[in-house]
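Chemist: Here's a sequence, model it:
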Amino acid sequence: MPHLAAAARLRTVVHSVTTGLIDREQLAELMVLATVAGEHLLVVGPPGTAKSAVVRRVAAALGGRYFEYLLGRFTEPAELFGPVDLRKLREGRVEADVTGMLPEADIAFLDEVFLGSTAILNTLLGVLNERRFRRGHTDIQCPLRVCVGAANALPEDESLAAFADRFLLRLFVEPVADDRLEALLEAGWANEAGIPVHAAEIADLDLLRAQVPKVGMDQARTTLAGAVRTLRAAGLQLSDRRIVKIQRLVAAATVLAGRDTATDADLWPLFYVLPSRDTQISAQDVLRDSMVTAANPTLRSAVETMVLQPVSRVDRLVQAARSCLEDHGNAASSTIAEVLLREIDANFTAAALSPELAVERVRLVERVGASA
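Modeler: Take a look at the predicted model:
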């Protein structure tokens, strides 16, 4: 089936693009999920946490036309949507010249997105909601697949709530932890030399997006409704609009897993729809029993980081070990093997190891021993 082949190709791209990203794999993977689902992603975190660098890297791998802009209090609408076409103006028509601007983009990144003026945000609402740009006599359909918005914090101004709600997915990032600094330095140095990244075709993304409405949701819908009731009982509220839209994310996760029917393993995007960091953390405890089977071969980090379940952790470690062992030409692979061994031993006893992970652990031990 063509969509299964497209999912396999995109899986290769995702694994390639996340190589060397320390604690930012989530962002890369959620960007892919949002693109396939046809939704938008908001990333919240302090400056210097590599938000823009990761978005650029993923956008380059996904293909298509890319638009990026840092908004400020004095940003003019023309800086995003294009200036008035003077030739048409002389003819008495007010039309925007959108060449190379946001209305023509397949992928967009708007940094400090909440600093835009009312005129900018109102126009953006139309672009994000309807994929349509209107200004004067200009009325065009936008090819936008995904918009990633970034901010240092969620807006406190209630007037921005409607605009913020158009970003269905929320990711909250923090600086890399102390115990990961060596890995950050090593990855940063490797990135200076350039890391080869597989490129996708925009046609593959469109093929997968077209498959999303065809996913069978009946099997997962009852569990999803139960999870929402559990959240409500714990005081964690979601609007009806966001609850309905969660289904697109679940269906997109199913497609990226290479399946046509959603199961309980695909419900994990529910965490990322919760609007704040506190509610997402609370949901991890509330929904722990509902997410025991959560897993996705394409979006491993996004699943594991949020659901905190052994199934997703095992899947990621098995694939990381295989990737490390296949990379014979990389001088750092023995170091990576040691890191993986420490993580495996810290999280699993010998009796708790799955057969797959046990096999890869033995191979990692042999690799480390051979390089000693």
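Chemist: pLDDT-wise, which helix or strand of this protein ranks last?
Modeler: Sorting the helices and strands of the chain by mean pLDDT, DSSP states H and E puts helix 181-193 at the bottom, at a mean of 68.
Chemist: Check the separation of the first and last residues in stretch 38-56.
Modeler: End-to-end distance for stretch 38-56: 18 Å, by Cα to Cα, to the nearest Å.
Chemist: For that stretch, buried residues please.
Modeler: 38-45, 49-52, 54-55 (16 or more other Cβ atoms under 10 Å). All C-beta atoms are positioned from the backbone trio N, CA, C, and that covers glycine.
Chemist: ok, so of the residues you listed, who is nearest T293?
Modeler: E39 (23.5 Å; Cβ to Cβ).
Chemist: Let me see the confidence value for the closest one.
Modeler: The score at E39 is 96. That number is its pLDDT.
Chemist: show me the contacts for it.
Modeler: Contacts for E39 (Cβ atoms under 8 Å, 6 or more residues apart in numbering) come out as V146, L168, L169, K245, R248, L249.
Chemist: which of these has the most neighbours?
Modeler: For the contacts of E39, neighbours were counted using other Cβ atoms under 10 Å, and V146 has the most, 28 neighbours in all.
Chemist: Pairing partners for that one in the sheet, please.
Modeler: I107 (DSSP bridges).
Chemist: Settle this for me: it is touching L42, isn't it.
Modeler: No. In this structure V146 lies outside contact range of L42 using Cβ atoms under 8 Å: 11.5 Å.
Chemist: Verify the stated contact: A337 with C324.
Modeler: Yes. Taking contacts as Cβ under 8 Å, A337 lies within contact range of C324: 5.4 Å.
Chemist: circling back to that earlier point, out of the buried residues of stretch 38-56, list just those in strands.
Modeler: In this view, the buried residues of stretch 38-56 that belong to strands under DSSP state E are L41, L42, V43, V44.
Chemist: can you put those in CSV and add distance to L224?
Modeler: Formatted as CSV, these follow (distance: Cβ to Cβ, whole Å):
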residue, distance to L224
L41, 20
L42, 22
V43, 25
V44, 25
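Chemist: Return the residues in contact with E338.
Modeler: Taking Cβ under 8 Å, 6+ apart, we find E338 in contact with V368.
Chemist: where's it, which helix or strand?
Modeler: Element membership for E338 (DSSP states H and E) is helix 333-347.
Chemist: for the next helix-or-strand element following that helix, packing partners?
Modeler: Using DSSP H and E, the helix or strand that follows helix 333-347 towards the C-terminus is helix 355-371. Helices and strands touching helix 355-371, by 3 or more Cβ pairs under 8 Å, 6 or more residues apart in numbering; DSSP states H and E, are helix 310-326, helix 333-347.
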